[in-house]
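> Pasted the sequence and its predicted model underneath.
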Amino acid sequence: MSWMYRAACRDVDPEIFFPIASPDTEAGEAAETQAKQVCGSCSVRARCLDEAIESREPHGVWGGESESARRGLLSGAHGRTS
Ligand code: SF4
């Protein structure tokens, strides 16, 4: 996946994208916020999010979206009728 070479997170601590702390804790929320800030400046964000959704990536922040947000996007896509 050559797009990964252009990822803004290449040199960032992966812990903020895959925190040990639960997302509903203060530490987990802080990590998610940091990760989303990195994603916000990433030139391959859309591609990253597409890959995460297509592969049903169950953990972490990908493409600026948490796992719960991706599940919502996925269920919304399946619920569409047109
Ligand atoms: S969108 Fe976020 S997780 Fe995806 S490659 Fe860019 S910085 Fe990394």
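It's in. Numbers count the residues shown, from 1 in each chain.

> Is the spatially most central residue of the chain bridged to anything, and to what?
Residue closest to the average C-alpha location in the chain (C-alpha atoms, centre = their mean): Trp62, at 1.8 Å. Beta-bridge pairing for Trp62 (DSSP bridges): Glu65.

> Helices of the chain, residue ranges please.
26-40, 45-54, 67-79 (DSSP state H).

> Looking only at the last one, what residues are buried by neighbour count?
Buried residues in helix 67-79, counted by 16 or more other C-beta atoms under 10 Å: 67, 69-70. All C-beta atoms are positioned from the backbone trio N, CA, C, and that covers glycine.

> Run through the protein and note the low-pLDDT ranges.
78-82 (pLDDT under 70).

> wait, what's in contact with Ala8?
38-39, 41-44 (C-beta atoms under 8 Å, 6 or more residues apart in numbering).

> Alongside the ligand, which residues does the protein contribute?
7-9, 17, 38-39, 42, 44-45, 48, 62-64 (C-beta under 6 Å from any ligand atom).

> One more pass at 5 Å, please.
7-9, 38-39, 42, 45, 48, 63 (C-beta under 5 Å from any ligand atom).

> quick one: which of those has the most company?
Cys48 (25 neighbours; other C-beta atoms under 10 Å).

> Pretty sure it sits against Cys42.
Yes - using C-beta atoms under 8 Å, Cys48 is in contact with Cys42, at 7.0 Å.

> Need the residues touching each of those two.
Contacts common to Cys48 and Cys42, judged by C-beta under 8 Å, 6+ apart, are Ala7.

> Perfect, that will be all.
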